[in-house]
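> heads up, no residue letters with this:
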């Protein structure tokens, strides 16, 4: 490969979310059950599809795909609708393709190839997976070698789509500070190695603490807090970044 070709191919990826997520990267968001990982991922999806800032950070607008094998269809529909209204958009009018409870599994070569073609034909820029464990099928979460080969196809043939995958912490992660992020994730300890960027979401009540656990390229922040805003009737919702005050954790419902 000639130098000019190499330099063009190997240049730093452009931002999907300024200072937070780069295009074409594999991103893992780890956390416990009920830690609002889905809210974070779906708010990201709606913001990218609409081309509006995510947590006050500029985004690169583009079509989005959500593959959700964890959430019931009605709950996903409600969250997406509310998040759309939270930014002044009708979710049904946004360029979002949704596969929810459709039985998608990475262990099915046919299913992966079909979704890859759909990603390419729709020029998808962001693929959100909720969750990694739920789409493995017969693949083992204790050996991610084959799974990694399969999920790389969800970035499209040229690998330009950003893949954002939710993954759960196991029981060993109950003391995250002691065991660390890598061991807290369910399954293979090599999972974090498969990601370009990794986040953990912490806290048992709002606000949640988001920590950047891994980054292949230097990002603008390492830790921040988010809050969920909603109206009394729960017709709309939106995430916002708030001051990082650790004494809030567990003190607000």
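Received it, and whenever you're ready, just let me know what you need. It should be emphasised that the depicted structure is a prediction, and the values quoted were computed from it without experimental measurement.

> can you give me the strands in this protein?
Along the chain, the segments classed as strands by DSSP state E run 15-17, 21-22, 26-31, 64-68, 96-100, 126-130, 162-168, 197-202, 208-215, 223-230, 237-242.

> Please identify which of those is closest to residue 7.
The stretch from these with the least distance to residue 7 (C-beta to C-beta) is strand 21-22; that distance is 17.6 Å. In short, each C-beta sits where N, CA and C put it, glycine included.

> quick one: strands adjacent to that closest one?
strand 15-17 (antiparallel) (DSSP bridges).

> Show me what the strand it pairs with is in contact with.
21-23, 25, 44, 47-48, 54-55, 57-60, 125-126, 162 (C-beta atoms under 8 Å, 6 or more residues apart in numbering).

> Then stretch 227-246?
36, 39-40, 43, 54-56, 79, 82-83, 85-87, 206-209, 223-226.

> again, only using 7 Å
Identification of contacts with stretch 227-246 by C-beta atoms under 7 Å, 6 or more residues apart in numbering yields 39-40, 43, 55-56, 82-83, 85-87, 206-207, 223-226.

> can you pull the pLDDT of residue 219?
At residue 219, the predicted lDDT confidence score is 69.

> Can you say which of the contacts of stretch 227-246 are buried?
With burial judged by 16 or more other C-beta atoms under 10 Å, the buried subset of the contacts of stretch 227-246 is 39-40, 43, 55, 82-83, 85-87, 206-207, 224-226.

> And the furthest pair within those?
85 and 224 (24.3 Å).

> Let me see the contact set for the residue lying closest to residue 176 once chain neighbours are set aside.
Spatial nearest neighbour of residue 176, chain neighbours left out: residue 184 (5.3 Å); criterion: C-beta to C-beta, 6 or more residues apart in numbering. By C-beta under 7 Å, 6+ apart, the contact set of residue 184 is 30, 169-170, 172-173, 176.

> when you check those residues against the helices, which ones overlap?
Among these, the ones falling in helices (DSSP state H) are residue 176.

> Name the member of the contacts of residue 184 with the most neighbours.
Counting neighbours by other C-beta atoms under 10 Å, residue 30 comes out on top of the contacts of residue 184 with 29 neighbours.

> wait, isn't that residue in contact with residue 167?
Yes - between residue 30 and residue 167 there is a contact at 5.2 Å, judged by C-beta atoms under 7 Å.

> Give me the contacts around stretch 201-221.
Applying C-beta under 7 Å, 6+ apart, the set of residues contacting stretch 201-221 is 12, 19-20, 22, 29, 31, 35-37, 40, 176, 181, 192, 195-200, 222-228, 242, 248-250, 252-253.

> among those, which ones are buried?
Buried residues within the contacts of stretch 201-221, defined by neighbour count using 16+ other C-beta under 10 Å: 20, 22, 29, 31, 35-37, 40, 176, 181, 192, 195-200, 224-226, 228, 242, 248-249.

> ok so, going back, what's the farthest-apart pair in the contacts of stretch 227-246?
Across these, no pair lies farther apart than 85 and 223, at 29.3 Å, counting by C-beta to C-beta.

> hmm, back to that, residues that sit against both of residue 30 and residue 167, list them.
With C-beta under 7 Å, 6+ apart as the test, residue 30 and residue 167 both reach residue 185.

> on that earlier part again, can you list the strands of the chain in CSV and add mean pLDDT?
Compiled in CSV, the strands of the chain are given as follows (pLDDT from 0 to 100):
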stretch, mean pLDDT
strand 15-17, 96
strand 21-22, 95
strand 26-31, 96
strand 64-68, 98
strand 96-100, 98
strand 126-130, 98
strand 162-168, 97
strand 197-202, 94
strand 208-215, 93
strand 223-230, 96
strand 237-242, 97
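
> Cheers, nothing more for now.
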